[in-house]
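[1] build me a model:
(chains A, B and C)
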Amino acid sequence: MVRRLSIPTRGQGLHEITSEVASVVEAADLDQGLCTVFIQHTSASLVIQENADPSARTDLENWLNRLVKEGDPLYTHNDEGPDDMPSHIKAALTATTLAIPIVDGRLALGRWQVIYVWEHRRRGSDRNIVVHAA
Amino acid sequence: MVRRLSIPTRGQGLHEITSEVASVVEAADLDQGLCTVFIQHTSASLVIQENADPSARTDLENWLNRLVKEGDPLYTHNDEGPDDMPSHIKAALTATTLAIPIVDGRLALGRWQVIYVWEHRRRGSDRNIVVHAA
Amino acid sequence: MVRRLSIPTRGQGLHEITSEVASVVEAADLDQGLCTVFIQHTSASLVIQENADPSARTDLENWLNRLVKEGDPLYTHNDEGPDDMPSHIKAALTATTLAIPIVDGRLALGRWQVIYVWEHRRRGSDRNIVVHAA
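    Now for the predicted structure:
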């Protein structure tokens, strides 16, 4: 089964989509299987991280922003603004696709794991996700 | 279905393989499914990025080359030359495997997304890719 | 088929799990298929790298430790110690999930490729891995 999700992001950072993905898995009604999550963009990405403490999310975001700076004189690709090229680099360093086993009809995530869309553009937008469960 | 691809790379950088992967998906003749792309190397990797503007590719490559420098005194593994250890690090920071849903018989890539082999060795070589579609 | 593995890690670094994953693939008894490896943690990750020369593993580990430093004044999330936040960042930069085609009943790994759990916590622990083969 394939379902499309549209996730509105409102600026840079981690936007949790665990419940949206879990709903697709529930609809697929499989005891065992595999759930693949795919983001159709090159300036946003996917990451599985903890959600226990918001400070971990903030530090992760700040660390990556410091590593992949806006306004780096190395960039020649600046047509869409100062956050354009950093967004592509951040997407390349993280994940465009995730595959999560389904066990006992549910995503086999660890106790602290949740699924995030990682928006790398300042403004955010509606991000298209494709979820495959089989 | 599994098909093997041999992709000749001619030096560092991003080599597009979207049409080769799409041909495997077409041959698999599935309405819905999942396409997995796997590279059998540890000094080259896979990445999904945009191909609209070649400057984005160049900036991505230059940024990673600056982050993972040749000749770093930290390296002890230099047997195969100055680009050997940086290649392994770059591969570890990017992807060895990608999973792309198949929808309406085609790869469900976003409008600007294409699939690249990212060659990290200076010289390049014939890179072995395994594509699974089911 | 889904199997759970518990991998004891004894401190930071790369712990090979190729034979454990290969055993699951053997038990699945498939001629062709896909093997997905998923780690249920956010402070350890997965990576496919070479095992020919231990110096490559050491350099990879040392390079990442230098990039993602302990004691960085940027961190606010320090509850579990100085290796806590670096572990999450390292996990986000590497992989939580891997998908490897099965060909002729075996993992289609390249000649030099092996599968590692990458432990990012100083102390290590029993790490839960879920392997799906279908």
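
[2] and the average pLDDT for stretch A:116-126 is what?
    For stretch A:116-126, the mean pLDDT works out to 97.

[3] who touches that stretch?
    Stretch A:116-126 is contacted by residues A:6-17, A:39, A:43-49, A:81, A:83-84, A:86-87, A:90-91, A:94, A:127, A:129 when judged by Cβ atoms under 8 Å, 6 or more residues apart in numbering or on different chains. All C-beta spots, glycine's among them, are computed from the backbone N, C-alpha and C.

[4] just checking, which of these belong to strands?
    A:6-8, A:13-16, A:39, A:44-49, A:127, A:129 (DSSP state E).

[5] please indicate which of these are buried?
    Buried members of the ones in strands among the contacts of stretch A:116-126, scored by 16 or more other Cβ atoms under 10 Å in any protein chain shown, are A:7, A:13-15, A:39, A:44-49, A:127, A:129.

[6] just name the closest of those to A:E70, please.
    A:G13 (15.2 Å; Cβ to Cβ).

[7] so which bits of chain A are right by chain C?
    A:32-34, A:47-50, A:53, A:55-56, A:58-60, A:62-64, A:66-67, A:93-95, A:98-101, A:103, A:108-113 (Cβ under 8 Å from any Cβ of the partner chain).

[8] about what we covered before: what is the nearest of the ones in strands among the contacts of stretch A:116-126 to chain B?
    Nearest to chain B among the ones in strands among the contacts of stretch A:116-126: A:I39, at 7.8 Å, using Cβ to the nearest Cβ.

[9] state the pair within the ones in strands among the contacts of stretch A:116-126 that is farthest apart.
    It's A:S6 and A:Q49 that sit farthest apart of the ones in strands among the contacts of stretch A:116-126, by Cβ to Cβ, at 22.0 Å.

[10] what about A:A108, how many residues nearby?
    Residue neighbour count, defined by other Cβ atoms under 10 Å in any protein chain shown, stands at 20 for A:A108.

[11] my guess is it meets C:F38, correct?
    Yes: taking Cβ atoms under 8 Å as the definition, A:A108 is a contact partner of C:F38 at 6.6 Å.

[12] now do the shared contacts for these two.
    Joint contacts of A:A108 and C:F38 (Cβ under 8 Å, 6+ apart) are A:I100, A:P101, C:V130.

[13] between the residues you listed, which is nearest B:M1?
    A:P101 (21.9 Å).

[14] which strand or helix spans the closest one?
    strand A:97-103 (DSSP states H and E).

[15] CA atoms only for that strand, dumped as PDB, please.
    C-alpha atoms of strand A:97-103 as PDB (Å, rounded to 0.1, in the frame of the first residue of the first chain):
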ATOM      1  CA  THR A  97      14.400   7.600   2.900                       C
ATOM      2  CA  LEU A  98      13.800   5.500   6.000                       C
ATOM      3  CA  ALA A  99      12.800   1.800   6.300                       C
ATOM      4  CA  ILE A 100      11.100   0.600   9.500                       C
ATOM      5  CA  PRO A 101      10.100  -3.000  10.100                       C
ATOM      6  CA  ILE A 102       6.400  -3.600  11.000                       C
ATOM      7  CA  VAL A 103       6.100  -6.100  13.900                       C
END
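
[16] adjacent strands (with direction) for whichever helix or strand comes after it?
    Downstream of strand A:97-103, the next assigned helix or strand under DSSP H and E is strand A:106-107. Sheet pairing for strand A:106-107, assigned by DSSP bridges, gives strand A:97-103 (antiparallel).

[17] which stretches of chain A form helices?
    With DSSP state H, the ranges of helices along chain A come out as A:18-28, A:54-67, A:84-93.

[18] any idea which residue of chain A lies closest to chain C?
    Counting by Cβ to the nearest Cβ, chain A gets nearest chain C through A:G110, at 3.0 Å.

[19] so who does that residue touch?
    Contacts of A:G110 by Cβ under 8 Å, 6+ apart are C:I39, C:Q40, C:H41, C:T42, C:N128.

[20] against C:P8, how distant is the first one?
    Summarising the geometry, the distance separating C:I39 from C:P8, computed by Cβ to Cβ, to the nearest Å, is 14 Å.

[21] report pLDDT for the residue lying farthest from the centre of chain A.
    Most distant from the centre of chain A: A:P73, at 27.6 Å, with distances by Cα atoms, centre = their mean. For A:P73, the model assigns a pLDDT of 96.

[22] so for the residue of chain A found nearest chain B, what's the nearest residue that isn't a sequence neighbour?
    Relative to chain B, the nearest point of chain A is A:Q40 (3.0 Å; Cβ to the nearest Cβ). Of all residues not flanking A:Q40 in the chain, B:G110 sits nearest, at 3.0 Å (Cβ to Cβ, 6 or more residues apart in numbering or on different chains).

[23] then A:G11?
    A:G11 sits nearest to A:G124 (Cβ to Cβ, 6+ apart), 4.8 Å away.

[24] how near is the residue of chain A closest to chain C to A:W63?
    22 Å.

[25] quick one: pLDDT of A:N51?
    So A:N51 comes in at 88 (pLDDT).

[26] contacting residues around it?
    A:E16, A:R57, A:W112, A:V114.

[27] who is the spatially closest residue to the third one that is not a sequence neighbour paired with across the strands?
    If I follow you right, that is A:W112. In space, and not counting its chain neighbours, A:W112 is closest to A:E50: 4.2 Å by Cβ to Cβ, 6+ apart. Note on A:E50: beta-bridge partners A:Q113, judged by DSSP bridges.
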